[in-house]
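# Sharing a model that was predicted from the sequence below.
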Amino acid sequence: MTEPISLELTRKDFVSDQTVRWCPGCGDYAILAQLQKVLPELGIPKEKIVFISGIGCSSRFPYYMNTFGIHSIHGRAPTLASGLAAANPDLNIWVITGDGDGLSIGGNHLIHAIRRNVNLNILLFNNRIYGLTKGQYSPTSRKGKKTKSSPIGSIEQPINPLTLALSAEATFVARAMDTDTVHLGEVLKAAAAHEGTSFVEIYQNCVIFNPNEWTGIDDRRTRSDHVIYLEHGKPLIFGKNNDKGVRLNGFKPEVVDLGGEFTEKDLIVHDETSQELAYILAHMEHPTYPPPMGIIRSVRKPTYTEELMGQVRMAQERNGMGDLKSLYHSSDIWTVR
């Protein structure tokens, strides 16, 4: 992991010379701005930062960051990023993907990058639609969603990105909203500080093809009544007047009003290290529940690079540095005549 150093970088240092081209009102603008604001605070030289994307609206990111970047092929960003992280462990690598790119053709690659705990920051923009190809249902689209490719309504069960990441034993799982920029910035900084794979789902509407997906939680005037902001060691309280909370009724979360039958002592207390609680929180989806925002799970485990470099050092101590030419001409070769 890249060690922070004393640098005097500003947001302008991370702004490229390319014209940013997304639809007017797209949440990608806000996410881009927050990343360009957060990166100077990390104390990492921009030459040590890499953005890798697949295919989709969000995948234009590498062009707009004045860092190294790769605009790769559909769904393969986690694969390229894993190889780069293994070969260059001192890099700070960000994978930019969407619900289509990351969870459809790229689903398998995403799962394995997470389970290996490669030192990556994965940002998944979730607007529950294919925007670049003009409005088809995606792996996260709600069942019954009417789109150009499902005119009567989607019959497929949607993927929950958070539970998928947790099932792959993710060591850092979080969620943020593009319209809540201050909180988004805090989550991005926490993800960057994590050693191992950090996975952040970012809610956003597609202003053209799915503009009302997150109605109720995307408006700052009403957000506090529909969203829970997680804090480690704090009870799950929400509402404009902090008058609502979430308790466990058996194994099921239940929204309750505070001040009468229930008090703060009855509520769930957030624990970032609890995998069991993480699953419960991940299943609290809008609009049935107030979706949790913030860090859902954060634990420290050895990273893929740490384990890999440990094996390399062990082999070098046992057998020496080795010789590539000798390896090529070892006994396991054959001649084609």
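Ah, there it is.
# Model confidence for I152, exactly?
Note for I152: predicted pLDDT of 96.
# which residues sit in contact with it?
Contacts were defined as C-beta atoms under 8 Å, 6 or more residues apart in numbering; by that measure I152 touches K146. C-beta here means a position set from N, CA and C on the backbone, and glycine is covered the same way.
# what's the distance between it and L9?
Distance of I152 to L9, computed by C-beta to C-beta, to the nearest Å: 52 Å.
# I52 now?
As defined by C-beta to C-beta, I52 lies at a distance of 21 Å from L9.
# Settle it for me: which of the two has more neighbours?
I52 (28 against 15; other C-beta atoms under 10 Å).
# In terms of helices and strands, where is the more buried one?
strand 49-53 (DSSP states H and E).
# Parallel or antiparallel, which strands does that strand pair with?
Note on strand 49-53: by DSSP bridges, its sheet partners are strand 68-71 (parallel), strand 92-98 (parallel).
# winner for burial among those strands?
Of all the strands paired with strand 49-53, strand 92-98 has the most neighbours on average by mean count of other C-beta atoms under 10 Å, namely a mean of 27.
# Could you identify the helix or strand that succeeds it?
helix 99-100.
# next one: that following helix to chain centre, how far?
Relative to the chain's own centre, helix 99-100 is displaced by 12 Å; criterion: C-alpha atoms, centre = their mean, to the nearest Å.
# what comes up buried for the helix or strand just after it?
Downstream of helix 99-100, the first helix or strand assigned by DSSP H and E is helix 107-116. Within helix 107-116, the residues that count as buried by 16 or more other C-beta atoms under 10 Å are 107, 109-111, 113-114, 116.
# If we only consider those residues, which is nearest to G75?
Checking those against G75 with C-beta to C-beta, the nearest one is H109 at 6.0 Å.
# The closest one - nearest residue in space that isn't next to it in sequence?
Closest residue in space to H109, ignoring its immediate chain neighbours: P78 at 4.4 Å, by C-beta to C-beta, 6 or more residues apart in numbering.
# Please tell me how far that neighbour sits from N108.
Distance from P78 to N108, by C-beta to C-beta: 9 Å.
# How are the helices of the stretch 151-300 of the chain distributed by residue range?
Counting by DSSP state H, counting those that start in this stretch, the stretch 151-300 of the chain has helices at residues 161-167, 181-193, 275-282.
# helices and strands around the last one, which ones?
Think helix 275-282. Contacts defined by 3 or more C-beta pairs under 8 Å, 6 or more residues apart in numbering; DSSP states H and E place helix 275-282 against helix 161-167, strand 292-298.
# do the same with the second one
In terms of contacts (3+ C-beta pairs under 8 Å, 6+ apart), helix 181-193 is packed against helix 28-38, strand 121-126, strand 172-177, strand 198-203, strand 292-298.
# Take these and lay them out in JSON lines including mean neighbour count and mean pLDDT.
Converted to JSON lines, the helices and strands packed on helix 181-193 look like this (neighbours: other C-beta atoms under 10 Å; pLDDT from 0 to 100):
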{"stretch": "helix 28-38", "mean neighbour count": "20", "mean pLDDT": "97"}
{"stretch": "strand 121-126", "mean neighbour count": "26", "mean pLDDT": "98"}
{"stretch": "strand 172-177", "mean neighbour count": "26", "mean pLDDT": "98"}
{"stretch": "strand 198-203", "mean neighbour count": "26", "mean pLDDT": "98"}
{"stretch": "strand 292-298", "mean neighbour count": "23", "mean pLDDT": "98"}
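# Turn these into a markdown table, columns for distance to I280.
Rendered in a markdown table, the data for those read as follows (distance: least, C-beta to C-beta, whole Å):
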| stretch | distance to I280 |
| --- | --- |
| helix 28-38 | 27 |
| strand 121-126 | 20 |
| strand 172-177 | 13 |
| strand 198-203 | 16 |
| strand 292-298 | 9 |
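# hmm, back to that, for the residue nearest to H109, give me its contacts.
P78 neighbours (C-beta under 8 Å, 6+ apart): 95, 97, 102, 106, 109-110, 112-113, 120, 122.
# H286 is in contact with W214, isn't it?
Yes - counting by C-beta atoms under 8 Å, W214 is a contact partner of H286 at 6.8 Å.
# Who has more neighbours out of the two?
Remark: of H286 and W214, W214 carries more neighbours, 25 against 16, as counted by other C-beta under 10 Å.
# measure stretch 50-67 end to end?
6 Å (C-alpha to C-alpha, to the nearest Å).
# Turn the helices and strands packed on helix 275-282 into a markdown table, including distance to E272.
Putting these into a markdown table (distance: least, C-beta to C-beta, whole Å) gives the following:
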| stretch | distance to E272 |
| --- | --- |
| helix 161-167 | 12 |
| strand 292-298 | 4 |
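# Which of those sits closest to Y279?
Closest to Y279 of the helices and strands packed on helix 275-282, according to C-beta to C-beta: helix 161-167, at 6.0 Å.
# What segments of the stretch 201-337 of the chain are strands?
228-229, 237-238, 244-249, 252-257, 292-298 (DSSP state E, counting those that start in this stretch).
# Out of these, which gets nearest to G25?
Nearest to G25, of these and by C-beta to C-beta, is strand 292-298 at 21.2 Å.
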